[in-house]
Structure formats: C-alpha cells, structure tokens
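S.K.: Got a predicted structure plus its sequence, pasted below:
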Amino acid sequence: MPPLNCKVGPGPGRARRMFCDDLPAKGEEGDSIVLITQSRRWLIAVCTVVALAAAACGGDDSDDNGGGAAPATTTAAPAAEAPDDEPAATTAAPATTAAPAAEPEAPAEESKPPIKMAVINQEDGLYAWPEVSENTRIFVDWINANGGIDGHMLEMDLCTSGDDPESAQACAQRFANDDSAEFVYIATILNSAPVYEALGPGGANKPMIGQMLWDVPDSLQPGLYSTDPGLLPLAYEAIRFAVEEDGASSLAVLVDDSDIGEATLAVVDYFLSTLGGATLTPVKINMGQADFLPAMTRAGVADSDGLVLLIAESAACQPTRDAMEALGVGDVPAYLGDWCVGEEFRTSGTAEGWRMVTGGRGALTNDPQAQMVRDVYEAAGAEPPAGLAFAATMNMDFLRQVLELAVERAGGVPTGADVTAAAEEWSGSILLGPDTMDCPGVGIWASTCNSAAIVISLQDGEWVALEDFQLIDVALFDPLLG
Amino acid sequence: MGPYLQQILLSSGAGAIFAALAIGLVLTYRSSGLINFAHGAIATYVAYTYTSLQSSGDLPVPPLPNPLAPVEGVFGVEILDFPDFVDLGDGWNKWPALAGALAVAALLGLAFHFLVFRALRYQPPLTKVVASIGLMLALQSAVVIRFGGSRPPPIEPLLPPSVRSSTVDVLGTIVPWDRFVLLAVTLGLTAGLWALFRWTRFGLHTRAAAENERYATLMGISADRQAALSWMLAAVLAGFVGILVAPTTSLTPFNFTLFIVPALGAALLARFTSFWVAAVGAVGLAMAQNVLLYAEIDHGWFPDLNLDAVLPFAVIVVAMMARGQVLPPRGAVETGRLPQAFPSPWRPSLALTWVALAAAVVIWGPFDYRAGVTNSMIGAILALSLVVVTGYVGQISLAQLAFTGVAAAGLASFGADAGIPFPLAPLLAALAATAFGLLLALPALRVRGASLAIATLASALAIDELLFRGDGWFRIEGNPNRSFDDPSMFGVEFGPTSSFPINGDEIPTPAFGLFVLVVLVLACGAVIRLRQSRLGEQMLAVRANERAAAAAGVNVAGVKLAAFGIAAFLAGIAGALNGYKLGSIKIDSFSVLANLSILAFAYLGGISTVTGALYAGTLFASGIGVVLGEELIELGRYETYVAGVALIVTAVVNPQGIDGFDRQQRERVKRWLRRRRARRAARLTAASAAAGAQGPGP
C-alpha cells in the first residue's frame, strides 16, 4: 500500500484537520479527517478517569469501607448511629445463651475503649466477594447497636485484597506488623498460603477467626478458628452417608480441577478405604468446562449409586442438575457440601433430592437463629447473605461470642493471647450450628471448632434434616498429614 | 467404539458454545479487524443482565463516571447519584427478559465501537489487543461489583422443559435432545451470518471494506457504519449465546472468557474469515477434547496431562505452521505505530538518585511502602521482559506470566526438592523459563501481530495445563502449593523475613527489598545495554519491517529467538523473586487471564522503554503505585474496573503509555523554556540594539 500523503491543518474551532491527497471521502468530512486537539483528548481522558475514580470512591453507599492493598480503616458505626429500626433486628433472636439479648442494650459507656477488629476480605478482582465486606459491616453495626462486646465497641479495620497473592500477603503483613491488631477476622480469602504464613504460628502468631479458602487444607490450620468444618469433614460425612446410610457401593465423582480438588480427591480415596470400600470413578472438571455432560458420562453416573460433587462452587449446581436431567439420571442422589444450599436453589428445585452436608442449620428455613440473621440484614435494608457470605456471617457471630469470653477473661480489651485462650476454652451453642460444640477439636486439627456436620436434603421444596448432627472425630484425618 | 462415539455425540453442547463464540470472533474481525478478547466478557455481562431482569426486574447499571464527583467531594454533598440497578418492576418473564438483555447487548456493542474501537481502527494490533483486554477487565469486574461473587443467580433456561428432558437414541447411544438443539441453533446462526455476508448489501459492503477500505469508501461505503452494525450484531450474538448456554455451564464472571481460547483456535483455523470453518472447527475441537479425556480414563498408560486443554494450542500451532501468515491482511488504512522505543541514555546521577530513593524507602519506609516498592521492582523486571519482546521486536506475547510460573515452580524443584543452593537454583529456574521462551518463539518465526498474540495465549494455557496440573512436571501429589526457604549466600540471608538492623522487626524486612533492588538495577542495565547494542538495533529493524531488515542482512529468525529467550529469562528471574517473596507459589496465580493483564499493564506503563517498565511495575499487583493510589482514593472493589477503563483510555488517547505522556510533558516544558529563553534573548537583543541605535551622543 502506498504511503498516505497527509498534512495537518486548521480545522473547525481549535480542532485540527488532517488533509490527505489520496484518502477517499469519509462520511461527511470530505477529503479530510478531523482530529481532536491533543489537549482536548487529554482533557476528556483525564476527566473520565478522575470522574470514574471519584465516583468509585463516593458514588456508592456500599463501598465506603473499601480499601485495598494499602487498606483503609473503617470504623463501624457506633451504637448512636445505628438505624432507628435496628431493634427490630433482634426481635427474633433466639433464647440461646450466646446470642445477643433480644432487646437492645443501653448504649455502651463511652469510657470503654474500642476493640480493634482487623478484617481481611477478597473484594477486588475477577474472583471476589465484595458483598461480604458490606455484610460484615452490617453485622458489626448490629453488634455495636446492641452494646458492643460488653460495652466495647468494635472498630472495624478492613483490608481488602484482590485475587492475587501479593495483595493478600500485603493485607496479612499489614496486620502482622500492627501491634494494635490482636486478632484478625478472615472474611474471605482465596490466597490463603501467604496470609497464613504471615499471621500463623510461623509468623506473627495472631489468632485468626474465619475461613481460608482454596489452599489446602482449608479451615483446618492451627491458629485459625472457624465454624466452617472445612472441606475434609464435609467430604467425609458426604461419603460416609452415601456408603453407610444409603448403601452406595459405586460412586461417580466430579472433582474440581484445581489445587484443592486434587488434594481432596486423595482424601476421598482415603475415606472410602476406611469405610469398607466402594468403587470410585473420579473425573476432573473445571469451572471453565463448557458442558458437564461428557464429564458426567465419563464418571459413569448412570451406572453408579450416587454422584459425589467435589466442586466447592455454587456456580456448579445448576449445570450439574442440568446434565443429570439431560442424562435422565435426575433421581441418582448427589452428595456434596453446602455450596448448593440456598433459597434460590430451593425455589428453583435445583437441589431437589440431593444430600448436602452443612455445618449449621442455616438452610432450614424454620430455624429461629437463621431467622435472626435474616432480620439483622433486613433491618439494615440489605439482602440476607447467601452462599459464602452466609458462612462468613456464621464466623462473624462466632467471633462475637469468642470476644465476649475474651473480654471477660481480660477484664477489658483482650490481647491476642486472650482471644486464643477464649477460642480454645469456648464451648457452647454456636449460631446455626449443633447444640454444643467445642473449640479446639482433637489433635493436630486444633482449630476445627465445628466438627459437627449434618446432612440435609431438599424434599418437595422443603429442607429436611436426614440425620442428627454427627460429631466427626477429626483424628480420623491425622494419617492424611503423612 | 461405543463410549468414544458417546463422547463425540455428547460434545455437541460444548461444541455449540465454542462455535457460537468463534463465529462472533470472526464477525468482529471481518468487520473491524479486531480480535476481540472481550467477546466472552460481553456474553457474561449480558447473561447476568438477563438473570437480573428475569429474577428481580432489576437492570444493572455499570459503574459510570460521575463528572460532579470532585465538586461533591469538596462540598460534601451528593448531587448526582447513579443507581446500581434500575428497578423495572418485578421479575420479568424469560422472553421479555431476553429481549431486554439483547437490547442492552446492542447498546453495548454500539458504545464499544463509537467510544473505543472506532478511534483505534488505524492503530496497530497491539493497541487494539490492549483495548480489548481493558474492555474485558472492565466488563468482568463490573459483573463482580454489581452481582458479587457469593452466588450467581439461577438462570431460567430458554429451552422448554420438554426439550430439555428428552433424549434421542443415536446408534445405540442415548444423547440429550437439548444438546442437539443447541448445536442446531448455533449452526443456524452460522448459516445466517454466512447468508448475511454472502447475499445482502450489508455483507457485501463489509466484505468490500475488509478487502480494501480505501476503495470501498470511494464507492460510497461507510466502513465505519458497517463496523458499528457488526459490533452490535456481535454483541447481540455473544449475549444470546451466553443466555442460551448458561444453564449448561457455570455462569461466573470469567467462564466465558476462558472459553475464548478454544474459540480463538477455531477462528484461527478459519483464518478469521469463514464462519463455517470456524463453527465446524469449534465443534470438532470440543469432540476431540472429550475423546482425549475419555482415552485418559480408558487407557491406563495415557498420561494425565490435561491434553484436552492443550488441544486448542495444538490446533493453533498446526494452523499456523500449515498456513503461515494466518490472518488475512485487511485493506484498512493503518497509520498508527507501535510506541516509540526511546533509547535510555546512561545518566549515572539520575540512576543513582532513583536507586538511592528506592533503597531509602526499602530501608526506612513504612512496611507497606516497603512491600509496595519491592512488588513494583519485581513487576518492573517482568515488564522489562515485555519491553524486550514486544517493545523492541514488536512481538505480542501473552505468555510472560507463564514463564514466571515455570521459574517459580522450577525454583521449588531445584531449590527445595533437589537442594541446589542459591544462586544456582533461581538461575536454573530462569534458564528453564528461557527454554520455554525459545520454544514459544518457534510460532513467532511464522506469524506476527494478533496471530502471535493468540498463539502465545494458547501457549500460556498449555504451559499451565502441561506443567502445573495433572502429572505435570512441577506438580506434587496432594500438595500443589510449593514453598521454599529464604535465599542466602555466605551465611547472609536476604529473604522477606531475614533479619536486618533497621526495621528488621516488620515484615517484609529491608533485606529482601535491597536484594531485589540489586537485581532490578542489573536487569535495567542489561536492557539499556541491549537497546544500544547491535542486537538492539536489529530488533528495532525487525520491529519496523521484517522484510526490510532481512534485506539489510538481519537474521530475523535469530533476532526473534534471542528476544524471546532474553524476555523469558527476565520473566523467570521475576518469577523466582516472587516465589521468594511469597514464600510459596500457587499455580492458579499464573492463569491465562492474569497473563492478559500483565501485557495490558506493561502497555499502560510504556511498553517500549525501560522507564515505561518501571512505571508498569508500580501498577502491578500491590505495587507502590497501587499502594499510594489506595491511600489517596481508596478504590477498593473498583480497582480492576478503573484499571480496565484506564487501559482503554490509554490505548485511545495516548498509545505511548505513561512514559510517553511523561516524555511529552517534559518536552513541552523544555520547549516552553526554550521559547522563554529565546524571547528573553530577543528582548535583550532588541534592547541592546535599541540602546546601540540611540548610541552615545555626538
């Protein structure tokens, strides 16, 4: 192509016009192309980015607690600023010893110093849970509106991570270096390894309460206290129920093609050997799988007694059901964790007939404690948390109870040692969980606060418990450590 | 044969998805010369819009710039408040929801054309690739911002239950009827597009514009209007496919983007020209993938190497080897150029100032600044690798992050497992990355531009699947998270937790930052030297015009191989340093999507200069630029979204990146100073002349 013979000359106003000898007409501009002046282009560009950034900061009520790798400090609203309708949130509070009082307590004495609550949440990126930050803030507001922790207001210091390990590590290092952060609430984090390394016993040794995802073995790390039983106990109970209660002798397994999936598959293999044996046909599947159908046939679902779904991702629920229906094996029971437990899966019938292992009663719609959680969020004008956000809420309330114990021990603002001691001596009724549970668990799995699991099922549109809470002896897993 | 036939037949659903995306890619390329990496993200956004309309009647509004935000901030008032969702009543029925979502898709397509890609039509492929990556990031993060990540909404299938629950017996194999319907719909769409391009005025005009835009314009055809219509059509197609297939796959913010890789393979097979070849190729690809997967189960000797995921890479490489210059050149007027590769003259005083400043921050700065600067320095080394391969030689590589993964995993193998001491272990790890870089250079000998971008993207996926997963080289049974010890030499440790006399009680301690600083200085020096060397001149010659360079006696293949090798080595060094910094590595950190972002941010910093790499380093994950930015404006969940928009704006407004902008401003200041001096000199001259004219009286 011959080079264009162009020259730039004056255009309309302050714009510039490019004249080309051999460039044919372009629309209405004749033999020239109007160029916006460089300064105007920059003005437009800078205005766009600045306005977007400014809008990001202030344009959304829900993001005023945003932070980042260099996190922002957010102090949760004190009791005096709580919404007027906040007391309504507590009207359905159950009469359990650990739950907050049904009526809001008097505002806290101002003389009591606040308790700093360091929070890490994965909020930015393509794999993130920004809504969990907001849910946590609402729960903290509710605690403060109800008198805080024995009069100590919770002061939330949120560090938001992206989906990269560097920003997760930055958050963890920030709190590891912060002497005023005695404990850390892990709302959600996928890149757990660098976080655990910085905050765990090998690092700053600060107690962590919450859930660590993805990196194995999730939730079962010394120093991390969680109401989430973790994938190991959930998988164990699912397999046990299939073999012992339902008499399954052959199981098809769809396992997530990821770090945790690989590890969990080995665990499931081990469980089956301890349960007297059942044939297992595992097939790896990833979230980038266009269609679950071929994988399901490879796993031999049609010829098996059940399908074990080891994909801890609620996005897998609908495609699994779709593929089962398409194959005409919709009546084959599926065994999985709690990731397909939710109102939307109940109303859509996606989870109908499946056996789902959960660490709490949250799904059971008539549970008063579950109702209490819903009321807290409805009173704040927010949607009740679902999925992972709901699990985070459970841990948040667990933290509240541990802090009450810790404040009682310390007689004031607790230290990290007080929080650890409180977590380890804590025993009682936890929100949405079994009637009694202890923390720690047994042996090396010291932080498995909730080693109780329950199998529930959706039957004719209603959640039904298929058994009582099963207390799992986590010492069963010791050989997995090699 | 039975089970294999079954796998082939059952692949029709996945094949339909790949095919639908592939024909959308072909449509966009034929009309606007763009390989749209955001095509899957458009499908995602529209599918989420459909679920929202259908479940609650809420129309999501992407985060919009608020022009009054600065005023609002100053006065503490809220004047303009864009809603997150527009309430359009209760949940809609699926057909009105479909119509609404597709209308949104059409508007998006139109907006993308007029706001972004119209301005880029004369720009080189790199600029367009970056803009489409920016669009992808912005769309995907908009989905996360609006819908969260806890749980996607259930999607009501478009197909009626009677179709979805029916099966058909094909040669004794039971196959669900709905998969065939999906396939039939996709093939119908393909036929429709083919007919549109074959028999309608629109198609004729689009083909004419693609063949020779100049003469098409002479004939009164507006290529711009054709491109706008095609963008609308492609967005509607993507959205429809997203809604149609969402129940059979997992609707997440990034899934459809992952499907783009096999779709790209099929589109490349079709030379981004033939709808039918793209569609059939995609279906064949899906079938071959599932047959391979079954063979892994069926035959014990078959290696568990995720060969299904590697297959698109193989298809792409074969297509390139067989067809050479894969993408047909478009007859568009291309006046844009790659960013200028300014030489970086060695200015010791300036370099020492920056090094001293970095060292001061690393030693005495607060820990988060320390970590930010350290992250930035590692990121800058990675960006330097792109300066070499893309900035100097003009080869678009979307696999640099995969090389960091190879090195990080290699570090664990050589260091932690084999016990090879520092510094041999990281050097060997970087050499392993170099070996893969040289392998990747082989396709680059045949293709360039957008084709190479696709090849490198597929390579990144292949490296991920072959090396890190299954029975891959770097995998450890049951514990994929590798970890290793701090680096040390002669008894001195310089890891993130190693002791240091100043600020040694906060992690990361300054020891590691100083170590990284030394490596960065060496890397910068090497790249500056490379730019000034004979090899550097040859690289620029290859970038400017391969044929002319060859005619001038430059060994083009050798130069490309050298560039890929050097770049992979630098990326490997960055990977090893990152491994030391994190203390462990995680294979998911080197995903395909992350690879896309790396190129985009390197471009944003300035992909052709060493200074640009330093800027880019500050923008990478938790770099100092991000740390400072967060302290100033707390972007939080909007960070990725704003980054995506910034990439688009950079591609449109200033393809030179931040470094180019910086140079322009400095030049402007210099010119102003020169003019000022000249005016002053002129005034002085005039004054002295006037004084001389008056002269002393007689």
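M.R.: That came through, no problem.

S.K.: Next SSE downstream of the worst-scoring helix or strand of chain B on mean pLDDT?
M.R.: Here the helix or strand of chain B ranked lowest by mean pLDDT, DSSP states H and E is strand B:482-483, holding a mean of 60. Counting by DSSP states H and E, the element after strand B:482-483 in chain order, helix or strand, is strand B:488-489.

S.K.: Tell me the strands beside that following strand, with direction?
M.R.: Sheet pairing here is set by DSSP bridges, and for strand B:488-489 it gives strand B:492-493 (antiparallel).

S.K.: now the partner strand, how far from the centre of its chain.
M.R.: Relative to the chain's own centre, strand B:492-493 is displaced by 38 Å; criterion: CA atoms, centre = their mean, to the nearest Å.

S.K.: Can you mark which positions in whichever helix or strand comes after that strand are buried?
M.R.: For strand B:492-493, the following helix or strand on the C-terminal side (DSSP H and E) is helix B:510-532. Buried residues in helix B:510-532, defined by neighbour count with 16 or more other CB atoms under 10 Å in any protein chain shown: B:510-517, B:519-520, B:523-524, B:526-528, B:530-531. Quick note: C-beta positions are derived from backbone N, CA and C, even for glycine.

S.K.: go on, stretch B:300-316?
M.R.: The neighbour-count check on stretch B:300-316 (16+ other CB under 10 Å) flags B:305, B:306, B:307, B:308, B:309, B:310, B:311, B:312, B:313, B:315, B:316 as buried.

S.K.: residues in contact with residue B:233?
M.R.: Contact partners of residue B:233, counting by CB atoms under 8 Å, 6 or more residues apart in numbering or on different chains, are B:27, B:109.

S.K.: any idea how far it lies from chain A?
M.R.: Taking CB to the nearest CB, to the nearest Å as the measure, residue B:233 falls 20 Å from chain A.

S.K.: Tell me which helix or strand that residue sits in.
M.R.: Using DSSP H and E, residue B:233 sits within helix B:223-245.

S.K.: swap in residue A:375?
M.R.: Per DSSP H and E, residue A:375 falls inside helix A:368-379.

S.K.: Export that helix to PDB, keeping only CA atoms.
M.R.: Coordinates of the C-alpha atoms in helix A:368-379 are reproduced here as PDB (Å, rounded to 0.1, in the frame of the first residue of the first chain):
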ATOM      1  CA  PRO A 368     -35.000 -19.200  64.700                       C
ATOM      2  CA  GLN A 369     -31.400 -18.400  64.600                       C
ATOM      3  CA  ALA A 370     -31.300 -18.300  60.900                       C
ATOM      4  CA  GLN A 371     -34.300 -16.000  61.000                       C
ATOM      5  CA  MET A 372     -32.400 -13.800  63.400                       C
ATOM      6  CA  VAL A 373     -29.600 -13.400  60.900                       C
ATOM      7  CA  ARG A 374     -32.100 -12.600  58.200                       C
ATOM      8  CA  ASP A 375     -33.700 -10.000  60.400                       C
ATOM      9  CA  VAL A 376     -30.400  -8.300  61.100                       C
ATOM     10  CA  TYR A 377     -29.900  -7.700  57.400                       C
ATOM     11  CA  GLU A 378     -33.500  -6.900  56.500                       C
ATOM     12  CA  ALA A 379     -33.500  -4.200  59.200                       C
END
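
S.K.: helices or strands up against that helix?
M.R.: Helices and strands touching helix A:368-379, by 3 or more CB pairs under 8 Å, 6 or more residues apart in numbering or on different chains; DSSP states H and E, are helix A:130-145, helix A:388-410.

S.K.: Domain-wise, how is the chain divided?
M.R.: No chain was given, so I picked chain A. In terms of domains, chain A is parsed into A:6-51, A:63-229+A:367-441, A:231-358+A:453-481 (source: automatic domain parsing).

S.K.: not quite, I wanted chain B
M.R.: Listed domain ranges for chain B are B:2-64+B:83-323, B:370-618 (source: automatic domain parsing).

S.K.: quick one, the helix holding residue A:375 and helix A:130-145 angle?
M.R.: 100 degrees (axes from the mean of the first three to the mean of the last three CA atoms, to 10 degrees).

S.K.: Alright, that wraps it up for me.
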